[in-house]
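1. Any chance you could fold what I've pasted below:
(one chain, ligands or ions: 2)
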Amino acid sequence: MTTILNPATQESLGEVREATRADVDHAVARAGDAQARWAAEAIGYRARSMRRIADTIRNHLEELALLETDNVGKPIADSRGEVSMVADTFDYYAGAVDKLVGQSIPVDGGVDFTLREPMGVVAVIAPWNFPLAIASWNIAAALACGNAVIVKPAEITPLSTLRLVELVDDLDLPAGLLQCLTGKGSIVGHALTEVAGVDKISFTGSTEVGKQISEVASGTLKRLTLELGGKSASVVFADADIERAARASVGAVFGNSGQDCCARSRMYVQREVFDQYLKAFADASRVAVMGSPRDESTTLGPLVSAQHHAKVSSFLSDDIDFVELGAEPEGPGNWFAPRIAVAPDRTHRLVEDEVFGPIATVLPFDTEEEAIREANNSIYGLSGSVWSGDGARALRVARGIRSGSISINSNTSVRIQTPFGGMKQSGVGRELGLAALDSYTELKNIFFATE
Ligand code: NAP
Ligand code: MG
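-> Residues are numbered from 1 along each chain as shown. Ligands and ions are numbered 1, 2, ... in the order given. Below you'll find the model as predicted:
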């Protein structure tokens, strides 16, 4: 059994059992049966079922949000927003069930067309930072395409996912269509990656584990979507609205206590506005309220675990000039006050490695070419921003940065309707939007001879 902790209080939220290899085999067999039944159901039934999942999530929004808040340490307002997005994601993909269209292709001697067929059984291996949201982006797209799903939440944050699966069980869909297996990645996640009955893995987590999964999954040539780490850059030009850029940067790097794969943790600011930006960013950050995640006014919760707290703390070092932005609350939680590292050496690990905590790094640059070069100076390529009042320049820089998504004059990255994923070592494949449908279907070509 695993004891699940509240990271704000260190109190136990209960015990969750650890699945065994036999549980994995049993779940995979059930998922295979459920998938065949689900794919054979009428289109209207499948689309309505997806909408019923969305409705049941909305009807349990507060309960699911509280589970996320207590288990992850997320401010309650953020949890509500995430659960609401989860419901919207099921509605969005409900609309895709009858739009998985193929092509007809001109050929000699017959008629040729393509079909989009389900992959089969999909294992979704999810991280702890947005447990329900990230699992659901994948679950919803996979179900819409006619697949069955086994979800493996992060060992420390399984509660919201377990509850979602219970709620879906009550809807009387094919038994085993959506199952949850809890336990350790090294055991349960590994078994799902290895076992022959799983056809596809959608993994979101660290680049290191993503590489291991890629290796193990190659044994059965499973299809893979990998959403991995990031070290995204925000490039701020002197002609930008500096105050607006600085205010937007607070959420972009300290939101979810920095435990966000899209965090703009490297901010490159043109030298002539460097001091102005730094001051505006620090002032806006000081307004953040760190405290009990259940408190409506809280905007910053604790880090997810003591182990993660130790990892983030290891980035603090005396050779860096930090601006401290507030005090940690008293008490046993994994509190870590936000900080800005001012112009550290560019080869420092704080500039190169993913911190996954509330430490922003602000660095000066002079020219457009330098900004692009610095933004690209990373093994990662997930997200990023360009801030400028000159549209043509903003577009040039956005095109020059090697990353899966870039926002101009905005620090947002994720929308249900648009593709999301990484270049370089930030991942393989795309989630969300219509792009995700490609990664949950196999393309079959049929040739019908007419001569
Ligand atoms: P992680 O340690 O890589 O774990 C992610 C998931 O994989 C967990 O469910 C974990 O289980 C499981 N796992 C661990 N070892 C495994 C193995 N050998 N085989 C199969 N599964 C295994 O990542 P994390 O610490 O939860 O999350 C932080 C990382 O996720 C950061 O690097 C962040 O950037 C990345 N992330 C990326 C995105 C994106 O969309 N690109 C989104 C969110 C997070 P356990 O919990 O039992 O270890
Ligand atoms: Mg981990």
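2. who touches Gly429 in this structure?
-> For Gly429, the residues meeting the contact criterion (Cβ atoms under 8 Å, 6 or more residues apart in numbering) are 224-227, 421, 439. C-beta coordinates here come from the backbone N, C-alpha and C atoms, glycine included.
3. buried stuff in stretch 241-257?
-> Within stretch 241-257, the residues scored as buried using 16 or more other Cβ atoms under 10 Å are 242, 245-257.
4. Need the residues that contact stretch 328-339.
-> Outside of stretch 328-339, the residues that reach it under the criterion Cβ under 8 Å, 6+ apart are 7-10, 73, 254, 257-258, 285, 288, 290-292, 300, 302-306, 308-309, 312-313, 316, 322-327, 357-360.
5. if we go to 7 Å?
-> Here stretch 328-339 makes contact (Cβ atoms under 7 Å, 6 or more residues apart in numbering) with 7-10, 254, 257, 285, 288, 290-291, 300, 302-303, 305-306, 309, 312, 322-327, 357-359.
6. now those: which count as buried?
-> The neighbour count (16+ other Cβ under 10 Å) marks 7-9, 254, 257, 285, 288, 290-291, 300, 302-303, 305, 309, 312, 322-323, 325-326, 357-359 as buried among the contacts of stretch 328-339.
7. Restricted to strands, list those residues.
-> Of those, the ones assigned to strands by DSSP state E are 322-323, 359.
8. count of neighbours near Phe448?
-> Look at Phe448: counted by other Cβ atoms under 10 Å, it has 10 neighbours.
9. quick one: it from ligand 1, how far?
-> With distances defined as Cβ to the nearest ligand atom, to the nearest Å, the gap from Phe448 to ligand 1 amounts to 41 Å.
10. Surely that residue and Val111 touch.
-> Yes - the pair Phe448 / Val111 is scored as a contact, 4.7 Å apart, by Cβ atoms under 7 Å.
11. Which helix or which strand is home to Gln179?
-> Element membership for Gln179 (DSSP states H and E) is strand 178-180.
12. So which elements touch the following helix or strand past that strand?
-> Per DSSP H and E, strand 178-180 leads on to helix 190-194 as the next helix or strand towards the C-terminus. Packed against helix 190-194, as judged by 3 or more Cβ pairs under 7 Å, 6 or more residues apart in numbering; DSSP states H and E, are the following elements: helix 21-40, helix 207-217.
13. from memory Leu303 sits against Ile359, does it?
-> No - at 11.4 Å, Leu303 does not count as touching Ile359 under the criterion of Cβ under 7 Å.
14. Doesn't Leu115 lie inside a strand?
-> Yes - the assignment for Leu115, made by DSSP: H, G, I helix; E, B strand; the rest coil, places it in a strand.
15. what is it paired to in the beta sheet?
-> Taking DSSP bridges, one finds Lys444 as the beta-bridge partners of Leu115.
16. Going forward, count from 206.
-> In the new count, where the first residue is 206, that last one comes out as Leu320.
17. ok, it - contacts?
-> Remark: with contacts taken as Cβ under 7 Å, 6+ apart, Leu320 is in contact with 307, 649, 651.
18. same thing with Asn343?
-> Taking Cβ under 7 Å, 6+ apart as the criterion, Asn343 is in contact with 329, 407, 636.
19. now Ala252
-> Ala252 makes contact with 299, 302-303, according to Cβ under 7 Å, 6+ apart.
20. Let's see the ChimeraX selection covering just the buried ones among those residues.
-> Typed into ChimeraX, the line below selects the buried ones among those, using 16+ other Cβ under 10 Å:
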select :299,302
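21. Can you tell me which of the contacts of Ala252 end up in helices?
-> Members of the contacts of Ala252 lying in helices (criterion: DSSP state H): Ala299.
22. Need the contacts of Ala252 in JSON lines (columns: distance to Ala580 and pLDDT).
-> JSON lines is the format used below for those (distance: Cβ to Cβ, whole Å; pLDDT from 0 to 100):
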{"residue": "Ala299", "distance to Ala580": "38", "pLDDT": "98"}
{"residue": "Val302", "distance to Ala580": "39", "pLDDT": "98"}
{"residue": "Asp303", "distance to Ala580": "41", "pLDDT": "97"}
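23. For the stretch 406-555 of the chain, what lies in contact range of ligand 1?
-> Remark: the part of the stretch 406-555 of the chain in contact with ligand 1 comprises 409-411, 414, 417-418, 432-435, 466, using Cβ under 6 Å from any ligand atom.
24. Equivalent analysis for the stretch 206-355 of the chain, please.
-> Applying the criterion Cβ under 6 Å from any ligand atom, the portion of the stretch 206-355 of the chain that neighbours ligand 1 consists of 330-334, 339.
25. what's the most distant pair in those?
-> Using Cβ to Cβ, those span at most 13.6 Å, a distance reached by Ile330 and Asn334.
26. Neighbour count: the two, which is higher?
-> Neighbour comparison, Ile330 and Asn334: the larger count goes to Ile330, with 27 against 23 (by other Cβ under 10 Å).
27. Quick one: residues contacting that one.
-> If you count contacts by Cβ under 7 Å, 6+ apart, then Ile330 has 357, 390, 394, 397, 406, 408, 410 around it.
28. Can you lay out these as JSON lines showing neighbour count and pLDDT?
-> Formatted as JSON lines, those follow (neighbours: other Cβ atoms under 10 Å; pLDDT from 0 to 100):
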{"residue": "Lys357", "neighbour count": "31", "pLDDT": "98"}
{"residue": "Gly390", "neighbour count": "19", "pLDDT": "98"}
{"residue": "Gly394", "neighbour count": "26", "pLDDT": "98"}
{"residue": "Leu397", "neighbour count": "30", "pLDDT": "98"}
{"residue": "Ile406", "neighbour count": "24", "pLDDT": "98"}
{"residue": "Phe408", "neighbour count": "30", "pLDDT": "98"}
{"residue": "Gly410", "neighbour count": "22", "pLDDT": "98"}
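29. Which residue ranges make up each domain of the protein?
-> Per automatic domain parsing, the structural domains of the chain span 207-433+631-654, 438-620.
30. measure the longest one end to end?
-> The reference is to domain 207-433+631-654. Across its full length, domain 207-433+631-654 reaches 59 Å between end residues, using Cα to Cα, to the nearest Å.
31. How far off centre is it?
-> Per Cα atoms, centre = their mean, to the nearest Å, the displacement of domain 207-433+631-654 from the mean C-alpha position of its chain is 13 Å.
32. Also the shortest one?
-> For domain 438-620, the distance between its averaged C-alpha position and the chain's averaged C-alpha position is 17 Å (Cα atoms, centre = their mean).
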